[in-house]
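**Q** Everything below, folded, please.
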Amino acid sequence: KAYRELLRTHYEVSNSRKSEEELAILRQIAIDAPRTEPSVKLFSKSALQRSLIRILYIRACTHPSSGYVQGLNDVLTPFLHVF
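**A** Residues are numbered from 1 along each chain as shown. Model prediction:
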């Protein structure tokens, strides 16, 4: 339930309502997502790429002091791989 609310309030907002900073974060995550574990076929699937982008973007929005930094995708990959 909490994840769905975060999706609604952060990710599903139209780009025209996002700040320049939020759009920059989303662009950077979209660049980094395909680089995640390129040798593992699972991570090349578009559904998993979209999940990765959503989760990283919501995390960045809800933790503004650290935001998004390269490498967070590598922290998330074991969870996506297992679940």
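**Q** Scan this protein for its longest helix.
**A** Using DSSP state H, we find that the single longest helix of the chain is helix 46-62.
**Q** For that helix, buried residues please.
**A** Leu48, Leu52, Ile53, Arg54, Ile55, Leu56, Tyr57, Ile58, Arg59, Ala60, Cys61 (16 or more other Cβ atoms under 10 Å). Every residue, glycine included, has its C-beta placed from N, CA and C.
**Q** just stretch 19-36 next, same as before
**A** By neighbour count on 16+ other Cβ under 10 Å, the buried set for stretch 19-36 is Glu22, Ile25, Leu26, Gln28, Ile29, Asp32, Ala33, Thr36.
**Q** so how far is Ile25 from Ser16?
**A** Note on Ser16: its distance to Ile25, by Cβ to Cβ, to the nearest Å, is 16 Å.
**Q** cool, Pro34 as well?
**A** Distance from Pro34 to Ile25, by Cβ to Cβ: 16 Å.
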